[in-house]
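Student: Sequence plus the predicted model coming up.
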Amino acid sequence: MLRFSEYVSLGHPDKVADYISQYLLDRYIERDPDTRYAVEVQIKNFRVVLGGEVASRVQFTGAEIQQLVRDAVNEIGYTMEYMQRWGAENTICGDLLQVESLIGQQSRDIAQGLSGWGDQGIFFGYAEPNPETHDMPVDHTHAKRLCKALFDSGLCGLDIKTQVVMDDDRVVKVIVAAPLLNGKAGIKKLRPIIKSTVKGHYEMIINGTGCYVQHSSIADCGTTGRKLAVDFYGGNCRIGGGSPWTKDASKADLTLNLCARQLARKYAKKYGVPVVASLACCIGKQVVDVSIRDLADNDLYHGEVLIVPADMREGFGLDKPIYASMCRWGLFGEFQADKVWELPFKETPKDEED
């Protein structure tokens, strides 16, 4: 059976947009942990547009917000030095970004229901009982590890995409798109990284058009929430709800996706099979409908569960500025192993009875 996943680096314009919003949220959370936040971002060329709602005791000026956006993009690696090396016709620099802010106040109607979930929605979590991949799909893990290895190597540009195709447990194809200034010579340098990161004998394609120089938001428009399959489970699980990026912990789009992943990991460990956890919530309510099934569609659990947003915010550590770090290499798996929803489970008598 074929299975496949892709991954994109933090330098991809869609992920740049995600990171800007998460970085800005961290700055609010540092000063006011009770901040309510929903800010979308779009970036094209050297222009960034922010749009959304914030309710916070923190009031950043327009100049402060512009500087925070620039800091976020510089932190990714799009610095003046980087742009000078590649050319302003090929990439961006954080210091030169122009920022338009269309951020308003959060609706009072939503605020009335904040003891419960901030919206209705459906959410899906996935886990495979495999400690070598931190309970994540193996094809997705290969794609992510390779993307990170290339990003960290410094041998190519920052805007990288990787894709891995597997036939059962065997990798049969690896596809890489990575900006290179030196064409064929650069491709030759990438091959050893690819082979050492993804083991086996497979077809390898690097920069399928033969040339990839212009990148970042110069070559593509970046928008928040457009890489959800990348951020979640690749081609292995349905995705529900909205984007977990751009949201504080009162939003189900973030927190119930984390709950779904945690539940999937718990039941995958208990039954020793891949598991999908499905959740559905209602605005202003704390009771969540839950269904846990294996890939053969066997029912492992179903019912209503009380999941309180405030408890999840504290329990997951979402009242702290961890949002940008969550965005760097996906919500789940080995590169988020320090996050509560990815920690090893401790067996309790109650777990044994569930």
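Tutor: On my side now, so go ahead.
Student: all helices of the stretch 201-350 of the chain, in order?
Tutor: 228-231, 252-271, 309-315, 323-328, 349-353 (DSSP state H, counting those that start in this stretch).
Student: list the buried ones in the fourth one?
Tutor: In terms of neighbour count (16 or more other Cβ atoms under 10 Å), helix 323-328 has its buried residues at Y323, A324, M326, C327, R328. Heads up, the C-betas are built off the backbone N, CA and C, glycines and all.
Student: quick one, what contacts the first one?
Tutor: The contact partners of Y323, taken as Cβ atoms under 8 Å, 6 or more residues apart in numbering, are Q22, Y23, L25, D26, I29.
Student: out of these, which are inside helices?
Tutor: Using DSSP state H, Q22, Y23, L25, D26, I29 are the members of the contacts of Y323 that sit in helices.
Student: how close does the residue nearest to the fourth one when sequence neighbours are not counted get to C237?
Tutor: This means D26. Spatially, and ignoring its direct neighbours in sequence, D26 is nearest to P321 (3.7 Å; Cβ to Cβ, 6 or more residues apart in numbering). Noted for P321: a distance of 28 Å to C237, by Cβ to Cβ, to the nearest Å.
Student: swap in V54?
Tutor: 31 Å.
Student: same check, this time on A277
Tutor: Separation of A277 from C237 (Cβ to Cβ): 10 Å.
Student: okay, the two: which has more neighbours?
Tutor: Higher neighbour count among A277 and C237: A277, with 26 against 22, using other Cβ atoms under 10 Å.
Student: if I've got this straight, T141 is in a strand?
Tutor: No. The assignment for T141, made by DSSP: H, G, I helix; E, B strand; the rest coil, is helix rather than a strand.
Student: wait, it sits on G333?
Tutor: Yes. At 6.6 Å, T141 counts as touching G333 under the criterion of Cβ atoms under 8 Å.
Student: list the residues that contact both of these two?
Tutor: T133, H134.
Student: List the residues that contact the closest residue to E75 other than its chain neighbours.
Tutor: Nearest residue to E75, sequence neighbours excluded (Cβ to Cβ, 6+ apart): Y23, at 7.2 Å. By Cβ under 8 Å, 6+ apart, the contact set of Y23 is L68, V69, D71, A72, E75, Y323, A324.
Student: returning to what we had before: rebuild the buried residues of helix 323-328 as CSV, extending it with distance to D338 and pLDDT.
Tutor: CSV is the format used below for those (distance: Cβ to Cβ, whole Å; pLDDT from 0 to 100):
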residue, distance to D338, pLDDT
Y323, 14, 97
A324, 14, 97
M326, 11, 94
C327, 15, 94
R328, 12, 92
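Student: What is the nearest of those to V171?
Tutor: R328 (24.5 Å; Cβ to Cβ).
Student: And the nearest residue to that closest one once chain neighbours are set aside, what's its pLDDT?
Tutor: The shortest distance from R328 to any non-neighbouring residue, by Cβ to Cβ, 6+ apart, is to L10 (5.7 Å). You'll see L10 listed with a pLDDT of 97.
Student: so where does L10 fall, helix or strand?
Tutor: Counting by DSSP states H and E, no helix or strand carries L10.
Student: Can you tell me how far it is from K148?
Tutor: L10 is 9 Å from K148, by Cβ to Cβ.
Student: what do you get for Q84?
Tutor: Distance of Q84 to K148, given as Cβ to Cβ: 25 Å.
Student: Then E334?
Tutor: From E334 to K148 the distance is 10 Å (Cβ to Cβ).
Student: Looking at the helices of the stretch 201-350 of the chain, spot the one closest to D294.
Tutor: Closest among the helices of the stretch 201-350 of the chain, using Cβ to Cβ: helix 252-271, at 6.8 Å.
Student: could you say what helices and strands the closest one packs with?
Tutor: Here helix 252-271 touches strand 121-127, strand 275-281, strand 287-294, strand 299-306, helix 309-315, going by 3 or more Cβ pairs under 8 Å, 6 or more residues apart in numbering; DSSP states H and E.
Student: could the ones you listed go into JSON lines alongside distance to M166 and mean pLDDT?
Tutor: Shown next, in JSON lines, are the helices and strands packed on helix 252-271 (distance: least, Cβ to Cβ, whole Å; pLDDT from 0 to 100):
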{"stretch": "strand 121-127", "distance to M166": "16", "mean pLDDT": "96"}
{"stretch": "strand 275-281", "distance to M166": "19", "mean pLDDT": "97"}
{"stretch": "strand 287-294", "distance to M166": "20", "mean pLDDT": "98"}
{"stretch": "strand 299-306", "distance to M166": "26", "mean pLDDT": "97"}
{"stretch": "helix 309-315", "distance to M166": "34", "mean pLDDT": "93"}
